[in-house]
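A.B. asks: following is a predicted model, sequence given first.
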Amino acid sequence: MPRHDVLIVGGGHAGAQAAIALRQRGYAGSVAIVGDEPLPPYERPPLSKDYLSGDKPFERILIRPATFWAEQGIALLTGQRVTAVDADARQVTTADGATIGYGTLIWATGGAARRLSCGGADLAGVHGIRNRADVDRLQAEMPGATRVVVIGGGYIGLEAAAVLRKFGKQVCLIEAQDRVLARVAGVELSRFFEAAHREQGVAIRLNTQVACIEGSTHATGVRLSDGEVIAADLVIVGIGIVPAVEPLLAAGAAGDNGVRVDATCRTSLSHIFAIGDCALHANRFADGAEIRVESVQNATDQAGVVARTIMGEEATYDAVPWFWSNQYAVKLQTVGLSMGHDRAILRGEPASGKFSVVYLRDGRVVALDCVNNVKDYVAGRRLVADGVVAPPDQLSDPAVPLKTIGT
């Protein structure tokens with residue numbers, strides 16, 4: 001049975017960055033990344049943007065050049081899915097029955113695209129966007145498609161809709177809630193993006209439930225709960241992810257919607273860490289609530305904490321969350337977590353295409369959404385990191401630079 005001093009399960013941002021950080025800090029032991037895709041680690045956010053649109057070839061979204069891993073002595077065990085963990089024996093089992101031993105295990109599996117639970121979800125022409133193979137299949141079918149239905153008004157759905165409109169497709173976006181981005185943003189930002197997409201020709205249906213996908217072998221339409229059928233040649237489903245933690249939970253790790261970790265990203269199982277989208281942790285920017293943060297920032301910062309911990313350094317996770325999204329000519333940059341906010345302050349005019357929304361909780365700045373507004377984003381990081389109590393009249397006035405507030 002092969003054995004590695006550090007075995008990393010998952011070849012996305014979190015897993016790749018853990019391996020990179022270990023080598024950067026001088027770790028001399030053996031390191032391996034085992035992943036279920038037959039590919040070296042690559043960036044995921046461009047999948048629904050630059051890669052889907054064809055603006056970036058696959059080689060340009062690699063996290064490191066293909067030769068990097070061997071040069072750094074990092075073994076890539078591609079095309080292998082870990083199905084079981086034995087924490088006492090310190091080994092994992094893959095889908096083909098092979099076992100791999102480890103000294104320390106880093107679980108960085110992210111999650112799988114959440115699937116529709118209704119009839120027709122498995123028909124050809126129904127696509128998620130989670131890995132390169134998903135997008136390659138979608139790209140192969142796009143030339144023959146005219147009408148596309150996107151289910152889900154989160155960032156994946158909106159970004160995909162923007163790319164599809166670029167290619168001249170008829171796009172209808174269906175969202176079950178009363179606004180897009182309802183889980184991650186305030187009303188002002190939701191209404192701005194709804195208007196931006198409608199201006200580009202996207203039909204947006206809010207408060208709308210999907211009953212099933214129509215078709216015999218290939219999707220031909222989406223039937224709504226009221227019986228209406230929206231014709232479609234392609235259906236894209238962007239309704240979130242399911243964290244890939246079943247083997248760890250089956251091995252006895254604490255968790256539920258993810259695997260629970262402490263401030264050093266340790267799980268409840270000895271010698272096992274978890275990082276990235278699948279890691280459930282108490283986050284002070286969410287008022288101490290246990291959450292999973294699905295972002296490159298979170299994956300990278302947690303990877304660094306684990307690398308430092310393995311090297312015997314003192315390290316805890318306390319990073320300011322940040323995110324971004326590109327749609328049409330709109331660049332959104334978000335810092336902090338707006339969940340649980342009790343006040344949203346509009347800064348600037350959405351009609352101008354450049355504005356920010358500042359979110360407060362108990363008078364403190366907890367997050368900003370900045371649309372085509374890099375200055376506010378950069379200055380806003382300090383307000384969020386320090387939990388600054390700021391006068392609302394100053395926050396709402398674009399003439400007052402954020403960098404002068406609370407200093």
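C.D. replies: Thanks, I have it. Numbering: from 1, shown residues only.
A.B. asks: partners of Ile100 in the sheet?
C.D. replies: Val92 (DSSP bridges).
A.B. asks: ok, now Gln333?
C.D. replies: Trp324, Cys370.
A.B. asks: just Val34 next, same as before
C.D. replies: Here Val34, judged by DSSP bridges, has bridge partners Val9, Leu77.
A.B. asks: mind listing what it touches?
C.D. replies: Val34 makes contacts with 7-11, 77, 80, 82, 92, 94, 100, as judged by Cβ atoms under 8 Å, 6 or more residues apart in numbering. (Each C-beta comes from the backbone N, C-alpha and C, glycine too.)
A.B. asks: just the buried residues out of those, in PyMOL syntax.
C.D. replies: Entered in PyMOL, the line below selects the buried ones among these, by 16 or more other Cβ atoms under 10 Å:
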select buried, resi 7+8+9+10+11+77+80+82+92+94+100
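A.B. asks: need the pLDDT of Gly406.
C.D. replies: Confidence per residue is given as pLDDT, and for Gly406 that number is 82.
A.B. asks: swap that for Met339, please
C.D. replies: 92.
A.B. asks: for it, give its distance to Ile156.
C.D. replies: 19 Å (Cβ to Cβ, to the nearest Å).
A.B. asks: of the two, give the one with the bigger neighbour count.
C.D. replies: Ile156 (25 against 18; other Cβ atoms under 10 Å).
A.B. asks: can you tell me the element the more buried one falls in?
C.D. replies: Assigned by DSSP states H and E, Ile156 belongs to helix 155-166.
A.B. asks: check contacts around Leu249.
C.D. replies: 255, 259.
A.B. asks: and it, what are its phi and psi?
C.D. replies: When read as degrees, to the nearest 10, the backbone of Leu249 gives phi -60, psi -40.
A.B. asks: check what pLDDT it gets.
C.D. replies: 98.
A.B. asks: where's it relative to Thr99, distance?
C.D. replies: 20 Å.
A.B. asks: can you give the contact residues for the strand or helix carrying Phe273?
C.D. replies: For Phe273, the host element (DSSP H and E) is strand 272-274. Here strand 272-274 makes contact (Cβ under 8 Å, 6+ apart) with 85, 87, 104-108, 245, 248, 253, 258-259, 261, 264-267, 306, 309.
A.B. asks: burial count for Arg198?
C.D. replies: There are 12 residues near Arg198, going by other Cβ under 10 Å.
A.B. asks: one more: Ile213?
C.D. replies: By other Cβ under 10 Å, 25 other residues sit near Ile213.
A.B. asks: so who does the nearest residue to it once chain neighbours are set aside touch?
C.D. replies: Using Cβ to Cβ, 6 or more residues apart in numbering and skipping the chain neighbours, the partner closest in space to Ile213 is Gly120 (2.9 Å). By Cβ under 8 Å, 6+ apart, the contact list for Gly120 reads 126, 212-215, 219.
A.B. asks: possible to save those as a markdown table with distance to Glu175?
C.D. replies: Below are these laid out as a markdown table (distance: Cβ to Cβ, whole Å):
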| residue | distance to Glu175 |
| --- | --- |
| Val126 | 17 |
| Cys212 | 17 |
| Ile213 | 17 |
| Glu214 | 19 |
| Gly215 | 22 |
| Ala219 | 19 |
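A.B. asks: so which of those residues sit within strands?
C.D. replies: Among those, the residues falling in strands (DSSP state E) are 126, 212-214.
A.B. asks: mind checking what secondary structure the most centrally placed residue in the chain has?
C.D. replies: Nearest to the mean C-alpha position of the chain, counting by Cα atoms, centre = their mean, stands Glu294 at 3.9 Å. Under DSSP: H, G, I helix; E, B strand; the rest coil, Glu294 falls in the coil class.
A.B. asks: nearest spatial neighbour of it, chain-adjacent residues omitted?
C.D. replies: Nearest non-adjacent residue to Glu294 (Cβ to Cβ, 6+ apart): Asp277, at 4.7 Å.
A.B. asks: got the phi and psi for that neighbour?
C.D. replies: Residue torsions, per degrees, to the nearest 10, at Asp277 are phi -60, psi -30.
A.B. asks: ok, the one 5 residues further on next?
C.D. replies: Dihedral angles phi and psi of Ala282 (degrees, to the nearest 10) take the values phi -70, psi 130.
A.B. asks: one step back: may I ask which of the ones in strands among the contacts of Gly120 has the most neighbours?
C.D. replies: Ile213 (25 neighbours).
A.B. asks: need the pLDDT of Ala344.
C.D. replies: Reported pLDDT for Ala344: 97.
A.B. asks: hmm, Tyr359 and it touching each other?
C.D. replies: Yes - with contact defined as Cβ atoms under 8 Å, Ala344 and Tyr359 form a contacting pair (5.5 Å).
A.B. asks: quick one, strands of the stretch 51-200 of the chain?
C.D. replies: 74-77, 82-86, 91-94, 99-107, 111-113, 126-127, 147-151, 170-174 (DSSP state E, counting those that start in this stretch).
A.B. asks: what about the shortest one, average pLDDT?
C.D. replies: What that stands for is strand 126-127. 98.
A.B. asks: so Ala379 versus Ile405, what's the distance?
C.D. replies: 8 Å.
A.B. asks: meant to ask about Val171, not that
C.D. replies: 40 Å.
A.B. asks: between these two, which one's more packed in?
C.D. replies: Comparing Val171 with Ile405 by other Cβ under 10 Å, the one with more neighbours is Val171, at 25 against 20.
A.B. asks: so what's the more buried one bridging to?
C.D. replies: Beta-bridge partners of Val171, as defined by DSSP bridges: Val148.
A.B. asks: that one contacts Gly201, doesn't it?
C.D. replies: Yes - Val171 lies in contact with Gly201 (Cβ under 8 Å); the separation is 7.3 Å.
A.B. asks: overlap of the contact sets of these two?
C.D. replies: Arg165.
A.B. asks: so what's Trp69 up against?
C.D. replies: Per Cβ under 8 Å, 6+ apart, neighbours of Trp69: 19, 33, 40, 75-76.
A.B. asks: and for Ile74?
C.D. replies: 19, 23, 31-33.
A.B. asks: show me those residues that map onto helices.
C.D. replies: Counting by DSSP state H, the part of these found in helices is 19, 23.
A.B. asks: alpha carbons of stretch 192-205, as PDB, please.
C.D. replies: The C-alpha coordinates for stretch 192-205 follow below in PDB (Å, rounded to 0.1, in the frame of the first residue of the first chain):
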ATOM      1  CA  PHE A 192     -29.800  45.900 -10.200                       C
ATOM      2  CA  PHE A 193     -28.800  42.500 -11.600                       C
ATOM      3  CA  GLU A 194     -32.400  41.700 -12.600                       C
ATOM      4  CA  ALA A 195     -32.600  44.900 -14.500                       C
ATOM      5  CA  ALA A 196     -29.100  44.400 -16.100                       C
ATOM      6  CA  HIS A 197     -30.100  41.000 -17.400                       C
ATOM      7  CA  ARG A 198     -33.500  42.000 -18.600                       C
ATOM      8  CA  GLU A 199     -31.800  44.900 -20.500                       C
ATOM      9  CA  GLN A 200     -29.700  42.300 -22.200                       C
ATOM     10  CA  GLY A 201     -32.700  40.300 -23.200                       C
ATOM     11  CA  VAL A 202     -32.900  37.600 -20.500                       C
ATOM     12  CA  ALA A 203     -36.400  36.700 -19.400                       C
ATOM     13  CA  ILE A 204     -36.500  36.400 -15.600                       C
ATOM     14  CA  ARG A 205     -39.200  34.500 -13.800                       C
END
